[in-house]
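[1] mind looking at a prediction? Sequence and model below.
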Amino acid sequence: MKVVIKYSLHDYIRSHKYFPPVSTFIVLIAVFYTYKPNPVVDSYAITALFMFVISAWLCMSVLSLDSPVQRQLLILNLRSSYRYYLAKLAAVWLIALLLAVFAFLYPIIFHLFSDSVSMTVGFVSIVNHLLLAALGICIAAFFSSVMMESAINAYGGLALTVILSIAALGIENALPASLKYITWIIPPATITQKPLFQWEEENLTHLSGFPFLWIMVYTGIIMVLFLIMANRKR
Amino acid sequence: MNQLVELKSIKKKYGKKTILYDMSLRLEEKQVIAVLGGNGSGKSTFLRMAAGVERPDSGQVVYADKNIRIGYVPERFPNYLRFTPNEYLHYTGRIGGISEAELKQRISSLLHRFQLDKWSDRRISTLSKGNIQKVGIIQAILPQPELLVLDEPLSGLDFSAQQELLLILDELKERGTSILLTYHEAPIFEEVVDQAYYIKDGQLTEEKLVEKDAVKVIEVKGLTDIDVQEWNELINKERRENSLLLYVNSENSDQILSRILELQGSIEYVGNIDYKIE
């Protein structure tokens, strides 16, 4: 699997397809921090949402790199479509990891926060970035060329899902109480925002761990579903 | 001989169109089977099922061992690859579990045999069709597969590469590899193929092709279809870009050869062939 990850990253770099999502992310972060004030927790919560969207975009482009024939050959050599797709998702997550580190360090290095970043806040923020990256990747996998032949359906479906995910809090507030549970099926990209905004930064015990756990569970479920469906597509 | 792979009652549809109806085939160790048929007959689909890269809608593909090593040359090997042949073969070999040291030696030997050494550090996307096909063939034989599936492997290959491929197929067969292939260049493979089947209307004819030596193929240049239109001894004829392929029963071949010479045609090739008389 390590070789497939290396192969995918090498191929992605050669393709230059990383340029649009990566440069967009860097510009977003740079522009975002030009406005002041920048409270630490809130700012990191917003950049984690950027991470969610950009990771989805990265995933779409990485999964479109191999043509169906090339995919068949790699799966044949690897003898497992599950390992092939896991390696692809891991490759995207590694790129997202670099972007998360950039999003985390950029405001610290350039002293763009009004306060200093404590270890606890730093830890929670980086975990939030990485979890939302994983969520974005797994959602996008469902709309990638592996699953959908039509690019319009793929990008249209993903855009709609991403918009719904970001608007989930608003949707929940607008719905009558009896229908609020429907929002549980929407990808939980904003579920960590509320507790983070309300967090006092004192220690981890004041922060609800449930939203983070729910992102992990949701991501895990859709990843397994993607692997099963992609395997059946052969 | 031990059975290596069995395709049982394979059916495949694309949309509403049924490509393969209830097709079955057994391939034994060291056996070379050709699956022939016209364009769009379903040969490539059948080969993809045998290689395990595509699933049938119904039916089963059963391998003697689930860890069997399979090499597959697709009908159209990707021509956009951003790697050099060296890099690409190294990656596919490593993905296939070949050790670093062994891989280097195998890649270098195969690149040399296919005269691809001098192109080994240029990106595949910049290579000619023939050289890209060579990379496709090398990636399939690199893991020394037990089952080798070749979909029109000669496409774009020059004469020396075709001969090298035949030699390699012979060596692989000797070593125990079973080969399933499809092709249009019948005379070239006649010495390698043990048995040939024909796909027509989505079904594989159980009927074996006529015995070797019963039909000869004569490749001739300098004659037109009109020159041979009244030669009733011909079983079939095929127009190639620069030549004409004439299929004739062996007992009539001398007579045909004499006529070609009388008309000052140039005989490029004469060989025996497995040929299905419809």
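    Sure, I can see it.

[2] where are the low-confidence patches of chain A?
    Within chain A, the stretches with pLDDT under 70 are A:200-205.

[3] around chain B, pick out the residues from it.
    A:3-4, A:6-7, A:10-11, A:14-15, A:67, A:69-70, A:72-79, A:234 (Cβ under 8 Å from any Cβ of the partner chain). Any C-beta I mention is one placed from the backbone N, CA and C, and that applies to glycine too.

[4] which of the residues you listed are buried?
    Taking 16 or more other Cβ atoms under 10 Å in any protein chain shown as the criterion, what is buried in the residues of chain A next to chain B is A:3-4, A:7, A:11, A:14, A:67, A:69-70, A:72-79.

[5] out of the residues of chain A next to chain B, which are inside helices?
    The helices, defined by DSSP state H, take in A:3-4, A:6-7, A:10-11, A:14-15, A:69-70, A:72-78 from the residues of chain A next to chain B.

[6] quick revisit: what is the nearest of the buried ones among the residues of chain A next to chain B to A:Gly122?
    Among those, A:Val4 lies closest to A:Gly122 (Cβ to Cβ), at 32.1 Å.

[7] any regions of the stretch 1-150 of chain B where pLDDT drops low?
    In the stretch 1-150 of chain B the weaker segments, taking pLDDT under 70 as the threshold, are B:1.

[8] what parts of it come near chain A?
    Proximity of the stretch 1-150 of chain B to chain A, by Cβ under 8 Å from any Cβ, involves residues B:48, B:51-55, B:67, B:70, B:72, B:74, B:76-78, B:80-83, B:87, B:91-92, B:94-96, B:139, B:143.

[9] check which helix or strand the closest residue in space to B:Gln203 that isn't next to it in sequence maps to.
    Nearest in space to B:Gln203, with sequence neighbours left out and distances taken as Cβ to Cβ, 6 or more residues apart in numbering or on different chains, is B:Tyr21 at 5.3 Å. Taking DSSP states H and E as the criterion, B:Tyr21 maps to strand B:17-28.

[10] give the pairing partners of that strand; include direction for each.
    Using DSSP bridges, strand B:17-28 pairs in its sheet with strand B:3-14 (antiparallel).

[11] next, the buried residues of the strand it pairs with.
    B:4-7, B:10-12.

[12] for that strand, which outside residues touch it?
    Strand B:3-14 is contacted from outside by B:18-29, B:31, B:42, B:45-46, B:49-50, B:54, B:56-64, B:68, B:146-147, B:178, using Cβ atoms under 8 Å, 6 or more residues apart in numbering or on different chains.

[13] quick one: buried ones out of those residues?
    Buried, going by 16+ other Cβ under 10 Å: B:19-20, B:23, B:25, B:27-29, B:31, B:42, B:45-46, B:49-50, B:54, B:56, B:59, B:61, B:63-64, B:146-147, B:178, out of the contacts of strand B:3-14.

[14] contacting residues around residue 194?
    No chain was given, so I picked chain A. Going by Cβ under 8 Å, 6+ apart, A:Lys194 touches A:169, A:211.

[15] let me rephrase: I mean chain B.
    Here B:Asp194 is in contact with B:31-33 (Cβ under 8 Å, 6+ apart).

[16] these into CSV, with extra columns for secondary structure and distance to B:Glu100?
    CSV is the format used below for the contacts of B:Asp194 (DSSP: H, G, I helix; E, B strand; the rest coil; distance: Cβ to Cβ, whole Å):
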residue, secondary structure, distance to B:Glu100
B:Gln31, coil, 33
B:Val32, strand, 32
B:Ile33, strand, 35
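
[17] ok, of those residues, which one's closest to B:Gly156?
    Looking across the contacts of B:Asp194 and measuring by Cβ to Cβ, the closest to B:Gly156 is B:Val32, at 21.7 Å.

[18] the residue nearest to the closest one when sequence neighbours are not counted in helix, strand or coil?
    Distances taken as Cβ to Cβ, 6+ apart place B:Ile179 nearest to B:Val32, at 4.4 Å, with adjacent residues excluded. Of the three states, B:Ile179 takes strand under DSSP: H, G, I helix; E, B strand; the rest coil.

[19] just flag the most distant two among the buried ones among the residues of chain A next to chain B.
    Checking those with Cβ to Cβ, the most distant pair is A:Arg14 and A:Arg79, at 25.6 Å.

[20] so A:Leu169 touches A:Gln193, yeah?
    Yes: contact criterion Cβ atoms under 8 Å: A:Leu169 and A:Gln193 qualify, at 7.0 Å.

[21] which one's more surrounded, those two?
    A:Gln193 (19 against 15; other Cβ atoms under 10 Å in any protein chain shown).

[22] wait, that one sits on A:Leu49?
    Yes: when contacts are counted by Cβ under 8 Å, A:Gln193 is listed as touching A:Leu49 (7.5 Å).

[23] longest helix of the chain?
    Defaulting to chain A. helix A:81-109.

[24] not quite, I wanted chain B
    Ranking each helix of chain B by length (DSSP H) puts helix B:159-175 first.

[25] ok, which stretches of chain A are helices?
    Using DSSP H, helices in chain A cover A:2-15, A:19-32, A:40-63, A:68-78, A:81-109, A:119-142, A:151-166, A:168-174, A:193-198, A:210-232.

[26] what about the nearest residue to A:Ala91 once chain neighbours are set aside, distance to A:Thr219?
    Excluding the flanking residues, the one nearest A:Ala91 by Cβ to Cβ, 6+ apart is A:Ser8, at 4.0 Å. To A:Thr219, A:Ser8 is 20 Å away according to Cβ to Cβ, to the nearest Å.

[27] same question for A:Trp199.
    Using Cβ to Cβ, A:Trp199 is found at 22 Å from A:Thr219.

[28] kindly report the same for A:Phe197.
    22 Å.

[29] mind listing what residue 192 touches?
    Because you didn't say which chain, this covers chain A. A:45, A:48, A:128, A:131-132, A:211-212, A:215.

[30] to clarify, I was referring to chain B.
    Applying Cβ under 8 Å, 6+ apart, we find B:Val192 in contact with B:32, B:166, B:169-170, B:173, B:179.

[31] any chance of the residues you listed in JSON lines, plus neighbour count?
    Converted to JSON lines, the contacts of B:Val192 look like this (neighbours: other Cβ atoms under 10 Å in any protein chain shown):
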{"residue": "B:Val32", "neighbour count": "23"}
{"residue": "B:Leu166", "neighbour count": "16"}
{"residue": "B:Leu169", "neighbour count": "23"}
{"residue": "B:Asp170", "neighbour count": "13"}
{"residue": "B:Lys173", "neighbour count": "18"}
{"residue": "B:Ile179", "neighbour count": "24"}
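
[32] tell me which of those is nearest to A:Leu225?
    Nearest member of the contacts of B:Val192 to A:Leu225, counting by Cβ to Cβ, is B:Ile179, at 38.4 Å.

[33] quick check: the closest one touching B:Ile33?
    Yes: distance between B:Ile179 and B:Ile33: 7.3 Å, which falls inside the contact criterion (Cβ under 8 Å).

[34] measure the residue nearest to B:Leu4 when sequence neighbours are not counted to B:Tyr247 for me?
    Closest residue to B:Leu4 apart from its sequence neighbours, by Cβ to Cβ, 6+ apart: B:Ser178 at 4.7 Å. Applying Cβ to Cβ, the value for B:Ser178 to B:Tyr247 is 28 Å.
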